[in-house]
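Visitor: Requesting a structural model of the entry that follows:
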Amino acid sequence: MHDLTSAPATDPTSIYRYRDCLYGADMVTAALSVDFFTWLSANPSSLAGICEHFGFTERPADTMMTLFAANDWVRNVGGVFHTTEVAREFMCAGPVWDVRPYFASLHDRPIARDFLEVLRTDKPAGWSGDKAAFDWHKAMEQEDFARKFTAAMDCRGVLLSQALAKKLDLTGRSCVLDIGAGSGVYACAITAQHQHMRGVAFDQAPVDRIAGKLIEERGCADRVSVATGNMFEGMPAGCDVHLFSNVLHDWGVPEVKKLLAVSHAALHVGGLLIIHDAFINADKTGPLHTAEYSCLLMHATQGKCYSTSEYAEMLDEAGFTPGDYHDTIIARGFMTAIRR
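Guide: Below you'll find the model as predicted:
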């Protein structure tokens, strides 16, 4: 039984980055396959203009441009994207240093081809590029996939949850609702670190049954219970803290706004909302690790990594007063907000 208040002795960021950033290279390859930088160099453009010219849609195109800005290949000046000197020297037709032929042999990589389709349709590709697979959200309703994916996220969650729990100020709070909880490891870690707290792991079937078993195996069942339901339809009452940990990044803006509205309806005035995730900075120029990770999310889900400014705007609109952003570990962090 692992102590959920413990921390590793070494830094695993470089290891996690291989997984998080796996699809970043394919996004670059996809863009080079349509000679994106040559066109943009001659035609500085807004995001809307880029979408119009290439037939791209907004969510994936925004993810792409955030990746390029994080690499300093483009700069956003007053809403218009311009190529930088390094992009003009190495990624455009003409200069002797042009790398486009070097990438050309990779244009037919399945994930690179997927990115062009996602950019044009805004529809996620199959999980891990499997065309025959369910949409990720539907796949989570299947017992076998749900069990494997929950195990994968629990493995990561053991590290991330204790780092989050140690940085939270939960003075005067009593119960955390872990929304879209997966294994429930975040509720377990928070109640282990803040022993005056109890927790509720809230998820749909069959994930709820998986969570219940793991919570019991961790010896946390006396402090963390399980609730079953659809988070878009309503949330259990009686908790004064709501946690969205690595949940909102799976959804598009309309769904994120819906989830924040449902949370607002379930919390009392003064209730605390915590968003724990990988965040893009306010001006959408990085960090690079997160911009690369966002490509994976854009490919496989309906979402992406949102910026702190995007979250602040959506929180305010939903009736919350946004707080500051705080780093935790391996390019993750959290924002808090108070229910008005």
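
Visitor: which residues does residue 90 contact?
Guide: Residue 90 makes contacts with 97-99, as judged by Cβ atoms under 8 Å, 6 or more residues apart in numbering. C-betas here are computed from N, CA, C, even on glycine.

Visitor: can you tell me how far it sits from residue 101?
Guide: Distance, residue 90 to residue 101, using Cβ to Cβ, to the nearest Å: 12 Å.

Visitor: ditto for residue 113
Guide: 19 Å.

Visitor: which of these two has more neighbours?
Guide: residue 113 (17 against 8; other Cβ atoms under 10 Å).

Visitor: which strands and helices sit next to the helix or strand hosting the more buried one?
Guide: According to DSSP states H and E, residue 113 maps onto helix 110-121. Using 3 or more Cβ pairs under 8 Å, 6 or more residues apart in numbering; DSSP states H and E as the contact test, the elements touching helix 110-121 are helix 24-33, helix 58-70, helix 288-300.

Visitor: can you redo the contacts of residue 90 as a markdown table with neighbour count, distance to residue 209 and pLDDT?
Guide: Putting these into a markdown table (neighbours: other Cβ atoms under 10 Å; distance: Cβ to Cβ, whole Å; pLDDT from 0 to 100) gives the following:
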| residue | neighbour count | distance to residue 209 | pLDDT |
| --- | --- | --- | --- |
| 97 | 11 | 57 | 98 |
| 98 | 15 | 55 | 98 |
| 99 | 15 | 50 | 98 |
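
Visitor: Looking at those residues, which is nearest residue 237?
Guide: Closest approach to residue 237 among the contacts of residue 90 (Cβ to Cβ): residue 99, at 56.7 Å.

Visitor: about what we covered before: now do the helix holding residue 113 against helix 58-70, angle only.
Guide: 120 degrees (axes from the mean of the first three to the mean of the last three Cα atoms, to 10 degrees).

Visitor: Next up, phi/psi of the residue nearest in space to the middle of the chain, please.
Guide: Centroid-nearest residue in the chain: residue 249, 3.4 Å away (criterion: Cα atoms, centre = their mean). Backbone geometry at residue 249, expressed as degrees, to the nearest 10, gives phi -70, psi -10.

Visitor: Just say helix, strand or coil for the closest residue in space to it that isn't next to it in sequence.
Guide: The spatial neighbour of residue 249 that comes closest, neighbours along the chain excluded (Cβ to Cβ, 6 or more residues apart in numbering), is residue 303 at 4.8 Å. Three-state assignment for residue 303 (DSSP: H, G, I helix; E, B strand; the rest coil): coil.

Visitor: Point out where the stretch 151-300 of the chain drops to low pLDDT.
Guide: Filtered on pLDDT under 70, the stretch 151-300 of the chain yields no residues whatsoever.

Visitor: Tell me where it has helices.
Guide: 185-193, 207-217, 253-266, 288-300 (DSSP state H, counting those that start in this stretch).

Visitor: what's the spacing between the longest one and its chain's center?
Guide: The one in question is helix 253-266. Its chain's average C-alpha position is 16 Å from that of helix 253-266, according to Cα atoms, centre = their mean, to the nearest Å.

Visitor: Convert it to PDB, retaining C-alpha atoms only.
Guide: Extracted C-alpha coordinates of helix 253-266, given in PDB (Å, rounded to 0.1, in the frame of the first residue of the first chain):
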ATOM      1  CA  VAL A 253     -15.200  24.900 -25.200                       C
ATOM      2  CA  PRO A 254     -19.000  24.300 -25.200                       C
ATOM      3  CA  GLU A 255     -18.600  21.100 -23.000                       C
ATOM      4  CA  VAL A 256     -16.100  22.900 -20.700                       C
ATOM      5  CA  LYS A 257     -18.600  25.700 -20.200                       C
ATOM      6  CA  LYS A 258     -21.400  23.200 -19.500                       C
ATOM      7  CA  LEU A 259     -19.300  21.400 -16.900                       C
ATOM      8  CA  LEU A 260     -18.400  24.600 -15.200                       C
ATOM      9  CA  ALA A 261     -22.100  25.600 -15.100                       C
ATOM     10  CA  VAL A 262     -23.100  22.200 -13.600                       C
ATOM     11  CA  SER A 263     -20.300  22.600 -11.000                       C
ATOM     12  CA  HIS A 264     -21.600  26.100 -10.200                       C
ATOM     13  CA  ALA A 265     -25.100  24.800  -9.700                       C
ATOM     14  CA  ALA A 266     -23.900  22.100  -7.300                       C
END
